[in-house]
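>>> just the structure for this:
(one chain, ligands or ions: 1)
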Amino acid sequence: MRKAFVESLKETFGLVIELPEKCLSLISPPKTGYQIWTPPCTPTCLEGAGCPYSLILAFKLQEDVFWTAWPKEKTNNLTITTALLLKFLLTVMETIHAAEQKLDNSSTTDALQFLASHLETDFFLFNNKGQVILSQSRTPKPFSTSALWEKLSRTSEPEGFIETKGGNFYYRVFSKNGKMTGLLAWKTEPNRQEETESLLQNESLFTIPGKNPRFLEIKKLVRQIAVTDNTVLLQGESGTGKELFARYIHYLSPRKEQPFIAINCAAIPENLLESELFGYEDGSFTGARRGGKPGKFELANGGTIFLDEIGDMPTQLQAKLLRVLEERRVERIGATVSYPVDIRIIAATNKNLKELIDAKQFREDLFFRLNVFPVHIPPLRERRDDIPLLLDFYLKNICLEQDKPFKIFNPEAIQLLKDYNWPGNVRELKNVVAYAVSLCEGDVITPHYLPKYLQNGIFTSVSQFPAVKIRRPFNQNDQLKEQLEILLAEYGHSTQSKKLIAKELGVSLATLYRWLKKYRLK
Ligand SMILES: Nc1ncnc2c1ncn2[C@@H]1O[C@H](COP(=O)(O)OP(=O)(O)OP(=O)(O)O)[C@@H](O)[C@H]1O
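A predicted model of the protein is given here:
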């Protein structure tokens, strides 16, 4: 037990030092629970300020006393951050609880109070009424703790991450007999400078999921071009994320505070498209609005205009668009003068523009004007390795949106979804996940909850992609309990074991805790 626990601490926290004898002879061991010291531990210590440790934590588990210490220097590439210390302390507290040793709330508060003096991060400890009983906030702008509490008190998960305006927080809920007794939330970012930089790049606010090497390369290129004013031509099948990329580019550009105006050239009848794009002057045609109307180009002034389905633009309008691109001026229908516009143009198409040029349906000169920075977004079947990630991304998001508890796909369902050809690309995948989430009341989505055409395998199977080995198949929802029991017997009940089990099942630790509670396996 002792060995396994020390090993799991070492694995998670990188460093657990057994204190040397000379230290142990000076410090009296804790009678129960745990105790923390900051050097010098005792006035009689000869090392004094020269003590190599920044913090010493001792705890008693059953009859064993564990001594752990953190060196002042970085060790094993591990920076001792407050978040790490908090996590460590919580793991210890949890283990002591599990070993049924007495631990009262005041000792928890004392320990956190002690750590607070070392903290370099924001953290809040709430009681069960939502009052802050201990806090440290280094955020320059005052942070609304009531908003944080409000958000967290709605969660049924014992731990997890939460995004707030003041940054991302990791939280841990303390409970007794199923009732919340307190809640601790602390900043997850260990490095303030990094956080600021990533905020500046807006990366933390807008991400497009995808880890496929080609897709990553595209995202990198797009980020580089986003900061310029270059015209971008996005090409890709329907549902691959062209509009998403257009918004991403705008969001990463210096124009992000200005309007982003999108117009779908295929969805608007030909006779209306011109007035939508260019606007019109008062009385320029029968039925025109009094006082005239600004067009999308004018509305996008200072910002970005996204011309979706550009391949469907009528040829007569293509000539007008070409003039806007060349002169950066717009003339309303019925006007005698033109206005300068400062716009960034992003166009998109799912058609092959070269073929349209050959068929005389698209102007070649316009193509060259638009094709300044071409981006080809691959179809989902060409970045199949991203399917599990996208399934996971949408599963979590849709469960949150629909206010449903988190679920997982079982291996058979994942296999079906991985083998499918996805003609509708990410849009279709998103719809399939939404379909399954709304039908499935349980925790596990089996093929039964997928649309019929997927269940029956009536699709172009892609046998050239090797089937991924299913490690632990389980078919029905009610087998989840059994599955959890097997995993607990195999890995054990420690926090580290639970982390491994959560990884094995592909769910967050928070979801695993919820299931353990639900199936009374805690
Ligand atoms: N890589 C991706 N990651 C996450 N979501 C994506 C991704 N690509 C597309 N989506 C989602 O799929 C849906 C369709 O995306 P979008 O409208 O950007 O596609 P599109 O290529 O512009 O489609 P169309 O050609 O039909 O207009 C949106 O809900 C979008 O959020």
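>>> which residues are in contact with Tyr171?
152, 155, 159-162, 183-186 (C-beta atoms under 8 Å, 6 or more residues apart in numbering). Using the backbone N, CA and C atoms, a C-beta is placed for each residue, glycine as well.
>>> select from the residues you listed every entry located in strands.
159-162, 183-186 (DSSP state E).
>>> any chance of a markdown table for those, columns neighbour count and pLDDT?
Shown next, in a markdown table, are those (neighbours: other C-beta atoms under 10 Å; pLDDT from 0 to 100):
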| residue | neighbour count | pLDDT |
| --- | --- | --- |
| Glu159 | 16 | 72 |
| Gly160 | 19 | 75 |
| Phe161 | 13 | 74 |
| Ile162 | 15 | 78 |
| Leu183 | 22 | 81 |
| Leu184 | 22 | 81 |
| Ala185 | 24 | 82 |
| Trp186 | 23 | 78 |
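>>> circling back to that earlier point, would you point out the most distant pair within the contacts of Tyr171?
Thr155 and Trp186 (15.3 Å; C-beta to C-beta).
>>> ok and the residue in the stretch 1-150 of the chain nearest the ligand?
Here the stretch 1-150 of the chain gets closest to the ligand at one residue, Ala147, 27.2 Å apart by C-beta to the nearest ligand atom.
>>> which one is that residue nearest to, not counting chain neighbours?
Excluding its sequence neighbours, the residue lying closest to Ala147 (C-beta to C-beta, 6 or more residues apart in numbering) is Thr164, at 7.0 Å.
>>> element containing Ser175, please.
strand 167-176 (DSSP states H and E).
>>> what comes up buried for that strand?
167, 169-174 (16 or more other C-beta atoms under 10 Å).
>>> if we only consider those, which is nearest to Gln224?
Gly167 (26.8 Å).
>>> how many residues are close by the residue nearest to that closest one when sequence neighbours are not counted?
Using C-beta to C-beta, 6+ apart and skipping the chain neighbours, the partner closest in space to Gly167 is Lys187 (5.6 Å). Residues lying near Lys187 (other C-beta atoms under 10 Å) number 26.
>>> in this structure Lys187 contacts Phe123, no?
Yes: the pair Lys187 / Phe123 is scored as a contact, 6.9 Å apart, by C-beta atoms under 8 Å.
>>> and the residue nearest to Glu485 when sequence neighbours are not counted, which of the three is it?
Nearest non-adjacent residue to Glu485, counting by C-beta to C-beta, 6+ apart: Leu521, 6.6 Å away. Going by DSSP: H, G, I helix; E, B strand; the rest coil, the secondary structure assigned to Leu521 is coil.
>>> kindly provide the distance from Leu521 to Asp443.
With distances taken as C-beta to C-beta, to the nearest Å, Leu521 is found 13 Å from Asp443.
>>> over to Val433?
15 Å.
>>> who has more neighbours, these two?
Between Val433 and Asp443, counted using other C-beta under 10 Å, Val433 has the larger neighbour count: 25 against 20.
>>> tell me the residues of this protein that contact the ligand?
208-210, 236, 238-244, 308, 350, 426-427, 430 (C-beta under 6 Å from any ligand atom).
>>> how about 8 Å then?
Within the chain, the positions lying close to the ligand (C-beta under 8 Å from any ligand atom) are 208-210, 215, 234, 236-247, 264, 308-309, 348, 350, 377, 386, 390, 393-394, 425-427, 429-430.
>>> which ones among the residues you listed lie within strands?
Reading strands off the residues of the chain next to the ligand with DSSP E, I get 234, 264, 308, 348.
>>> list only buried entries from those.
234, 308, 348.
>>> what about Glu309, neighbour count?
The number of residues near Glu309, taken as other C-beta under 10 Å, comes to 19.
>>> start at 50 instead
All right, first residue 50 from here; so that's Glu358.
>>> surely it meets Ala396?
No: assessed by C-beta under 8 Å, Glu358 is found out of contact with Ala396, at 9.1 Å.
>>> tell me how far Leu438 lies from Gln84.
Leu438 is 44 Å from Gln84, by C-beta to C-beta.
>>> these two - which one has more neighbours?
Gln84 (21 against 14).
>>> any idea how far Ala316 is from Gly473?
Gly473 is 17 Å from Ala316, by C-beta to C-beta.
>>> compare neighbour counts for the two and give me the winner.
Gly473 (17 against 10).
>>> so who does that one touch?
287-288, 480.
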